[in-house]
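> sequence and predicted structure, then a few things I'm wondering about:
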Amino acid sequence: MKKILIVSTVSRQFYLFEQGNIEVMKSLGYEVHAAANYSDANERLDTLDIIRHHFDIERSPFSLKNIRAYKQLKEIMKSENFDAIHCHSPMGGVLARLAAKATGISSVIYTAHGFHFYKGASKINWLIYYPVEKLLSSYTDVLITINKEDYERAKKFKAKRVVYVPGIGVDTNKFRNVSIDREAKREQLGIPKNTVVLLSIGEMIKRKNHETALKALANLENQNFIYLICGRGQLEDYLMNLTKTLGIENRVRFLGYRNDIPEICIASDVFLFPSFQEGLPVSVMEAMSVGLPIICSEIRGNIDLLDNGEGGYLLNPIDIDGFQFYIKRLLENNELRKSMGRRNSEEVLKYDKKVIKEKMRKIYCENI
């Protein structure tokens, strides 16, 4: 049986983003191994049919522990005699490609889930990550990019082949075929009748930029809305206190980590996503799957999913006035919300998991 190794920095990558790829590999008859730092491991990994290999990789490119991790990864590759590797994450991609070169693995696939250098990125990101990615592309048989900006840049690198695959896909059926009483769900969430529900999904971190949405909502007057935020993170207390400072604490609900995201999306009316940086955001595709209009930042990834003024609005992530203006427009126009939502529910079909899995099947068949 042929063997393939998936490499990432953290093990949650495998159940969050690689389940579809693993299913494709298994269907092609591969024994699937997965190498990562398993210090974050939980029971969700048990649902995957993989053989685990721990190595002490760290996210930071400056960590000296990665020297040891590189040696560990080489030993894993030597002992198992893999036919191919598929690596992910910046440091996972660096160590895996170097180790594959050193051990003579003939087929190397790398997925860039959003280069750390992009339009608007800091100079330090360009100085650190750009030269490394460009150099290691020469050790890459297939470089997969998940948005068009990265694809255009990667075509100038030295990988044997550069492919655009739009993300990991979204299970549109999971969102469209949910059996739920929308009004009952809204009542369960404590939402009064005839209230417009705004929704954001994302970690409470600076990159997700929840602050812009909160400040925009604070400027709205005489509007009947509730804003739901699903996610956890280090800024949770700060954002909760911010709602009090802005005087909107009674209109904002922090729901934390949720297992009922499809139901919450169906219970909502508008999706807000003012993030500073994305690869290709799954949460936006999920919101599109249930037919929500989107107001989001005009950044890489988002601009692939949304046509401005068609399925929603694209704005500078710090344009508080712009977010306020378009939130107000959608709050006051139910028909516009519905028409934009219908467009999104059709547009998202090209990002369905079945489409992505077929693209990945073709890549594996042609390159391993």
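Perfect, thanks for sending it. Residues are numbered from 1 along each chain as shown.
> OK, contacts around the most centrally placed residue in the chain?
Closest to where the C-alpha atoms of the chain average out (C-alpha atoms, centre = their mean) is Pro281, at 4.2 Å. By C-beta atoms under 8 Å, 6 or more residues apart in numbering, the contact set of Pro281 is Phe273, Ser275, Gly301, Asn302, Leu305. In this view, the C-beta of every residue, glycine as well, is placed from N, C-alpha and C.
> could these go into TSV alongside neighbour count?
Shown next, in TSV, are those (neighbours: other C-beta atoms under 10 Å):
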residue	neighbour count
Phe273	27
Ser275	23
Gly301	25
Asn302	23
Leu305	27
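> quick one: the strands in the stretch 151-300 of the chain?
161-164, 196-201, 225-230, 252-256, 270-273, 294-297 (DSSP state E, counting those that start in this stretch).
> any chance of those strands in JSON lines, plus mean pLDDT and distance to Thr245?
Formatted as JSON lines, the strands of the stretch 151-300 of the chain follow (pLDDT from 0 to 100; distance: least, C-beta to C-beta, whole Å):
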{"stretch": "strand 161-164", "mean pLDDT": "98", "distance to Thr245": "43"}
{"stretch": "strand 196-201", "mean pLDDT": "97", "distance to Thr245": "19"}
{"stretch": "strand 225-230", "mean pLDDT": "97", "distance to Thr245": "15"}
{"stretch": "strand 252-256", "mean pLDDT": "96", "distance to Thr245": "12"}
{"stretch": "strand 270-273", "mean pLDDT": "98", "distance to Thr245": "19"}
{"stretch": "strand 294-297", "mean pLDDT": "98", "distance to Thr245": "23"}
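> format those as a markdown table; extra columns: distance to Ala84.
What follows is the strands of the stretch 151-300 of the chain, written out as a markdown table (distance: least, C-beta to C-beta, whole Å):
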| stretch | distance to Ala84 |
| --- | --- |
| strand 161-164 | 14 |
| strand 196-201 | 34 |
| strand 225-230 | 37 |
| strand 252-256 | 39 |
| strand 270-273 | 35 |
| strand 294-297 | 36 |
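> all helices for the stretch 151-300 of the chain, in order.
In order along the chain, the stretch 151-300 of the chain carries the following helices (DSSP state H, counting those that start in this stretch): 172-176, 182-188, 210-218, 236-246, 261-266, 282-289.
> which stretch among those helices comes nearest Gly341?
helix 282-289 (8.3 Å; C-beta to C-beta).
> ok now the closest one, how far from the chain's centre?
Remark: helix 282-289 is offset 10 Å from the chain centroid, using C-alpha atoms, centre = their mean, to the nearest Å.
> again, but for stretch 72-79
29 Å.
> then that stretch to CSV, C-alphas only?
Only the C-alpha atoms of stretch 72-79 are listed here, as CSV (Å, rounded to 0.1, in the frame of the first residue of the first chain):
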residue,chain,number,x,y,z
GLN,A,72,12.7,14.5,14.1
LEU,A,73,10.7,14.9,10.9
LYS,A,74,13.6,13.6,8.8
GLU,A,75,13.7,10.5,11.0
ILE,A,76,9.9,10.0,10.5
MET,A,77,10.3,10.3,6.8
LYS,A,78,13.2,7.9,6.7
SER,A,79,11.6,5.2,8.8
